[in-house]
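K.L.:
Just to be clear, the model below is a prediction. Sequence and coordinates:
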Amino acid sequence: MRVIDPHMHMVSRSANDYRRARRAGVECCIEPAFWSGTDKQHAGSFFDYFEQITEFETERADRAAGMDHYVTIGLEPKEANYPEMAEKVLDRIPEYLERENVVGVGEIGFDQVTPEEEEAFRRQLRMGEEHELPVLIHTPHEDKPAGTERIVEIIQDEDLTEERIVIDHNTEDTIDVSLRTDCWLGFTLYPGKIEDEAAIDLLEEYGTDKMLFNSAADWDPSDPLAVPKARDKMIDRGWDREEVRKVVFENPLEFFSQSPNFDYEP
């Protein structure tokens, strides 16, 4: 069964990881811009990074594994706390949204829920709305329920097209808050976020409409095969194969097909 992983930081991964994911069924992935492990000190560092993931990484995915690779561009919330640098980055994000393999804005949202983060978050939400692009929202690691509450308040205050937004990194503690919107919900199958069995439990309780599984596949102890493994566990638990396919393939396909630059053909 084919898989689209809607959130993989493959810049952190090896060519062999691309090949392992491809052999497990991942035909297409979306790489959101994110925090690289240390705070950047210069706006130019962002632009070099954006070039790397939109040019080199897309070519590497195809060369290493024949995998379709798309990108979302954004100022990650942690680095929004450097206002002078953030302003320079935000000014140039719109030009990257015009790139042919950029399918959305993200990941954006909150880290410490500071005023600086909120200003950058609101501005990038409006960019997504103006460009009619999908938006990927990062919920904070600490005090996640309160941060998710604030994210939902801002989404509704900005009067956005909620069907083009995914609220990511949900857990048992945030799903009810996120479901107050018409946004899509992402679950990152990752140590410290949510385990695959717990995420499958939630889908058995809440259903599969607008639900997405992803691996993150970053430089911490993540697993680029997390979504294929969850697929297999759902089948082992007796799920109907069409419902499994909806979660790991049809839902991410439908969500990113809202972007004019998403031209993946199954």
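P.N.:
Noted; the coordinates are in hand. Numbering: from 1, shown residues only.
K.L.:
Show me what counts as buried in the longest helix anywhere in the chain.
P.N.:
When the chain is parsed with DSSP state H, its longest helix is helix 115-131. Burial within helix 115-131, assessed by neighbour count using 16 or more other CB atoms under 10 Å, is assigned to 117-118, 120-121, 123-125, 127-129, 131. Any C-beta I mention is one placed from the backbone N, CA and C, and that applies to glycine too.
K.L.:
Could you do stretch 138-148 as well?
P.N.:
For stretch 138-148, by 16+ other CB under 10 Å, it's 138-140, 144, 147-148.
K.L.:
now stretch 161-168
P.N.:
Of the residues in stretch 161-168, 164-168 count as buried by neighbour count, 16+ other CB under 10 Å.
K.L.:
Let me have those residues in a markdown table, adding distance to Ser259 as columns.
P.N.:
What follows is the buried residues of stretch 161-168, written out as a markdown table (distance: CB to CB, whole Å):
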| residue | distance to Ser259 |
| --- | --- |
| Arg164 | 9 |
| Ile165 | 13 |
| Val166 | 12 |
| Ile167 | 17 |
| Asp168 | 16 |
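K.L.:
ok, these vs Asp263, which is closest?
P.N.:
Proximity of the buried residues of stretch 161-168 to Asp263 (CB to CB) peaks at Arg164, which lies at 17.5 Å.
K.L.:
which residues touch that closest one?
P.N.:
Taking CB atoms under 8 Å, 6 or more residues apart in numbering as the criterion, Arg164 is in contact with 128-129, 132-135, 258.
K.L.:
Determine which two of those are furthest apart.
P.N.:
Spanning the widest gap among these are Glu129 and Gln258, at 12.2 Å by CB to CB.
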